[in-house]
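> quick one: sequence plus predicted model below, questions after.
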Amino acid sequence: MEKVSGKVALITGAAGGLGQALATILAAEGYQLIVTSRDATRLNDVYGSKHLQITTDCSTVDGAKHIFEVANAHNLVPTAFTHCVGNIRLGALHRMAEADFTACLAANLFSAFHTLAAFVGNLKTAKLAGSAVLVSSAAAQIGTPNHEAIAAAKGGLEGLVRGAAATYASGGIRVNAVAPGLIDTPAAASLLSSDLTRDMAARQYPIAGIGNASDVAHLMAWMLSDQAARVTGQIWSIDGGFASIRPIVK
């Protein structure tokens, strides 16, 4: 059977808020989807019988390769890839446990490295061009108290994006990232657990408010599209101006 390529997209971390928003947008744009998570139950709860669902831990080499082994077995070659795996580990540098720092690196940096490597390798084998969009953070671009671990992990991810973009541009493979501020998703629920904390978070942005998954997902979908054919190696901020402009203090 001939392999399906073209409008096939891979979404990792697809059971999370951002992954779900992307799945809705990309499916509406005509993509056939491959969705992954470490939690098979959550995937099934979100998507039912829709899409090719793969349970794996893509923070490991074998876990990332497993995605493409299953996809190939279903004659699918994704040429679009959005990486929504990650976690939020906050805390001052000197108080953070080694296990928490390691988990932060695994979720936010190692998963991106291994899955992007497997995605690019699969494209090279199939002799196809493609596009990947990863997720960084405003905290990688401006010093933010108690964000040392996530800033280190996402700073590494941004370097990965630029290096991979340079390596694979000649093969028509584009690699970019978005860098949002705080997004109102289940992953950030503990940071937005009351009206007081929500208001405090919203007021730290020059354009006051909390980001939403749909806005970030729409930007990522555009970056995958042919409309962004000249865009690679870029980190696109979507953070209400947090990392680049100073708010008026009232």
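In hand now; what should we look at?
> which strands or helices does the top strand by length along the chain pack on?
When every strand of the chain is counted residue by residue (DSSP state E), the longest turns out to be strand 173-180. Here strand 173-180 touches helix 111-126, strand 130-135, helix 148-168, helix 213-224, strand 235-238, going by 3 or more CB pairs under 8 Å, 6 or more residues apart in numbering; DSSP states H and E. Yep, even glycine has a C-beta here, placed from its N, CA and C like the rest.
> least confident secondary structure element in this protein?
helix 195-202 (a mean of 67; mean pLDDT, DSSP states H and E).
> chain center to stretch 203-219: distance?
16 Å (CA atoms, centre = their mean, to the nearest Å).
> S244 contacts I238, doesn't it?
No - counting by CB atoms under 8 Å, S244 does not reach I238; the two are 11.4 Å apart.
> quick one: which of those two has more around it?
Comparing S244 with I238 by other CB atoms under 10 Å, the one with more neighbours is I238, at 17 against 12.
> just give the closest residue to that one, not the sequence neighbours.
Distances taken as CB to CB, 6 or more residues apart in numbering put P180 closest to I238, at 4.9 Å, once the chain neighbours are dropped.
> swap in Q32?
V8 (4.9 Å).
> what residues does that neighbour make contact with?
31-34, 76-80 (CB atoms under 8 Å, 6 or more residues apart in numbering).
> go again with 6 Å.
For V8, the contact set (CB atoms under 6 Å, 6 or more residues apart in numbering) comprises 32, 76, 78.
> what number of residues lie near the second one?
Which is L76. Other residues within reach of L76, judged by other CB under 10 Å, total 19.
> bridging residues for it?
Beta-bridge partners for L76, by DSSP bridges, are V4.
> ok, now how distant is it from A126?
From L76 across to A126, the span is 11 Å (CB to CB, to the nearest Å).
> so where's this structure shaky on pLDDT?
Residue ranges of the chain with pLDDT under 70: 1-6, 185-195, 197-202, 249-250.
> list the contacts for T102?
Applying CB under 6 Å, 6+ apart, no residues qualify as near T102.
> so it sits in a helix?
Yes - the assignment for T102 (DSSP: H, G, I helix; E, B strand; the rest coil) places it in a helix.
> relative to A106, how far out is Q227?
34 Å.
> those two: which has the busier surroundings?
A106 (18 against 10).
> leaving out sequence neighbours, find the closest residue to the more buried one.
A106's closest residue in space is S59 (CB to CB, 6+ apart), at 4.3 Å.
> equivalent analysis for G181, please.
D239 (3.6 Å).
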